[in-house]
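Chemist: Could you work out the structure for the sequence below:
(one chain, ligands or ions: 2)
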Amino acid sequence: MIDIPEFSILKEGINYKYYINNKWKKSNSGKLISVYNPYNNELIGTVQACTKQEVDEIIKAAHENINCWDNIPLNKRAEILNKAADLMLKWSEPLGFLLMKEIGKPIESAISEIIRTAEIFKATADSSLQISGETILGDAFEGYTREKVSMTYRVPLGVVLCIGPFNYPFNLTGSKIAPALIAGNTVVMKPPTQGPLTALHFGIILEKAGVPPGAFHIITGRGSEIGDYLVSHPLIDMINFTGSSEIGKNLAKVAGMKPLLLELGGKDAAIVLDDADLEITVKSIVSGAFSYSGQRCTAVKRVLPMPGIADKLIEKITEETLKLTIGDPAENKTIGPLISSKQCEYVQGLIDDALNKGATLKCGNKREGNIIWPTILDKVNSDMRIAWEEPFGPVLPFIRINSAEQAIEISNKSEYGLQGMIFTEDIDLAFNIAQELEVGTVQINGKSARGPDHFPFLGTKSSGLGTQGIKYSIEAMSRPKVVVFNLTERGKLVKKCFVSEK
Ligand code: NAP
Ligand code: G3H
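Modeler: Ligands and ions are numbered 1, 2, ... in the order given. Sure, this is the predicted structure:
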């Protein structure tokens, strides 16, 4: 691990502090939460279990500084985001290394997560400079004249609470912080308890980039203990959350009338028609299903193949899956540990249920520590839990279908609606199926994915609320402010109109 002198301020030994008004502090609770490497169970660090009183102090500080931060000109806020991005790029290796250790993500993907976040910061800064308001004249409606003029521009919402998940703890908090700050909001961030350490470095990065005291704060602690308190706090003005549908739905209940941007779970289905290009389809499905061991909301979580392609598709996917490397994330193995042994037990339960009900095992179903071997299940049917539940692990079920109509029905029966995929050479048919799928995004001849990050990213049903993506997130974290000028006709120049002169 490369030692970065700038990082020494946020911890004592391996005990990390929380962050308020650009100061690192220990919680009065005296309680620390341990963070272990899911691959080898090594203790990597501890974070503070903050108290409700500390939550109050942080949110109050954020609230009191809304105007100060918003009064900094947009071009200066954009400059700060660009500087923050440069620091992320400079420190991408040590940050990526820490991320790899705390969440078991393969090292190259962990470093990419930091770089991708820097790119989001830069793109957010650029995009914010294009945001403009509008002026509307009143005479479109009967009874109004052009002397009634509205001027509309965007203002911040206030204090934005940013909560991220364990699987992208740096990127999916960063993709919330950047639009919140650029829109003029102050930010309270709560990182996930499994994977908080790298995200805590946002404190150092943003402070060094020029964010003044008061605009950005980090609270740590278990969501089960302080989550509802944070979310329902009267001084929180907007919440951007990524995580499970279960927690997201609870959050929506306790948040009251606060604006919400929620990115939740998924059960993305890949519909494979008889004429699909086998090579593209296999490559997309294998990497879509198994990268970061399937711990992605957008992982391919079901395959629905037509009869003419099913046998060869399943054989080829199994063959490619057997080639995946398994083991230490530090050695960049594709399949690594799941985040916890509890999660492994859940995934194993889904596999056992399917096998007990008659599914065919093509490969996998082996466990060592927190690693589950990539598992392919054929002949899955709708009585099996794996047909509907999100494993968040390396399990890929095949549900054979006989028609496009059946594929649509099975896809739409899911409680989730994040993305869908269609593999075919028949673009007309693909477009028609795409129109029927009740999801945020349909990928044609490609795996489901959030990026590129300027694309709109959203889920329907239990998969989310609102739209994320560079300009969409900035819009979601600001609101229009309308000023109406009621002018008089005093001084109006009188012209002669429609008078024919001979
Ligand atoms: P999770 O258990 O729902 O936790 C997500 C975040 O919510 C964590 O920071 C957690 O804190 C916090 N939290 C827990 N209880 C809370 C409460 N009562 N109020 C407010 N926040 C609370 O999800 P996860 O296990 O980290 O991530 C996996 C899930 O996220 C999967 O379902 C996946 O599909 C989904 N996900 C979706 C997307 C997307 O963009 N659609 C992206 C990534 C992940 P603690 O860690 O302290 O409990
Ligand atoms: O886990 C959910 C993420 O939003 C997925 O992002 O498609 O770039 O892996 P990704």
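
Chemist: what about the closest residue to residue 467 other than its chain neighbours, how many neighbours?
Modeler: Leaving aside its sequence neighbours, residue 467 sits nearest to residue 458 (CB to CB, 6 or more residues apart in numbering; 4.4 Å). In this view, the C-beta of every residue, glycine as well, is placed from N, C-alpha and C. A total of 22 residues lie near residue 458 under the criterion other CB atoms under 10 Å.

Chemist: Ramachandran angles for residue 458?
Modeler: Residue 458 adopts backbone torsions of phi -160, psi 160, taken as degrees, to the nearest 10.

Chemist: who touches it in this structure?
Modeler: Residues near residue 458 by CB atoms under 8 Å, 6 or more residues apart in numbering: 263, 440, 441, 464, 466, 467, 468.

Chemist: Would you quantify the distance from the fourth one to residue 450?
Modeler: Which is residue 464. Look at residue 464 and residue 450: by CB to CB, to the nearest Å, they are 11 Å apart.

Chemist: Between these two, point out the one with more neighbours.
Modeler: For residue 464 versus residue 450, the count of surrounding residues by other CB under 10 Å is larger for residue 464: 27 against 21.

Chemist: helix or strand for the closest residue to residue 112 other than its chain neighbours, which one?
Modeler: What sits nearest to residue 112 in space, not counting adjacent residues and going by CB to CB, 6+ apart, is residue 96, at 7.7 Å. Per DSSP states H and E, residue 96 falls inside helix 92-103.

Chemist: Can you spell out which helices and strands pack onto that helix?
Modeler: Taking 3 or more CB pairs under 8 Å, 6 or more residues apart in numbering; DSSP states H and E as contact, the helices and strands that helix 92-103 lies on are strand 43-48, helix 107-128, helix 197-200.

Chemist: what number of residues lie near residue 26?
Modeler: 14.

Chemist: Can you pull the domain assignment for the chain?
Modeler: 5-264+463-482, 269-455 (automatic domain parsing).

Chemist: Take those domains and write them to TSV, including distance to residue 491 and mean pLDDT.
Modeler: Formatted as TSV, these follow (distance: least, CB to CB, whole Å; pLDDT from 0 to 100):
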stretch	distance to residue 491	mean pLDDT
domain 5-264+463-482	11	97
domain 269-455	46	98
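
Chemist: can you list those in CSV and add distance to residue 497?
Modeler: Formatted as CSV, the domains of the chain follow (distance: least, CB to CB, whole Å):
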stretch, distance to residue 497
domain 5-264+463-482, 15
domain 269-455, 47
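
Chemist: Tell me which of those approaches ligand 1 most closely.
Modeler: With CB to the nearest ligand atom, the closest approach to ligand 1 among these belongs to domain 5-264+463-482: 2.1 Å.

Chemist: Can the closest one be said to contact ligand 1?
Modeler: Yes - Domain 5-264+463-482 reaches ligand 1 (CB under 6 Å from any ligand atom) through 163-168, 172, 190, 192-194, 222-224, 227-228, 231, 242-244, 247, 250-251, 263-264, 464.

Chemist: Any of the residues you listed buried? List them.
Modeler: 163-168, 172, 190, 192-194, 223, 227, 231, 242-244, 247, 251, 263-264, 464 (16 or more other CB atoms under 10 Å).

Chemist: ok, and which of the residues you listed reach ligand 2?
Modeler: Within those, those near ligand 2 by CB under 6 Å from any ligand atom are 167, 168.

Chemist: Enumerate every residue touching residue 314.
Modeler: Going by CB under 8 Å, 6+ apart, residue 314 touches 305, 362, 376, 378, 398.

Chemist: Which of the residues you listed ranks first by neighbour count?
Modeler: Counting by other CB under 10 Å, top hit in these: residue 305 with 27 neighbours.

Chemist: From the residues of domain 5-264+463-482 next to ligand 1, which land in strands?
Modeler: Mapping these onto strands (DSSP state E) picks out 163, 190, 242, 263, 464.

Chemist: list the contacts for the closest residue in space to residue 247 that isn't next to it in sequence?
Modeler: Distances taken as CB to CB, 6+ apart put residue 223 closest to residue 247, at 6.8 Å, once the chain neighbours are dropped. Contacts for residue 223 (CB under 8 Å, 6+ apart) come out as 163, 190, 192, 193, 247.

Chemist: Distance to residue 183 for these - can I get that in CSV?
Modeler: Converted to CSV, the contacts of residue 223 look like this (distance: CB to CB, whole Å):
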residue, distance to residue 183
163, 18
190, 19
192, 24
193, 28
247, 25
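
Chemist: for the stretch 401-502 of the chain, what spans make up the strands?
Modeler: 416-417, 419-423, 441-444, 460-461, 464-465, 478-486 (DSSP state E, counting those that start in this stretch).

Chemist: What is the longest one packed up against?
Modeler: The reference is to strand 478-486. Under the contact definition 3+ CB pairs under 8 Å, 6+ apart, strand 478-486 sits against strand 148-156.
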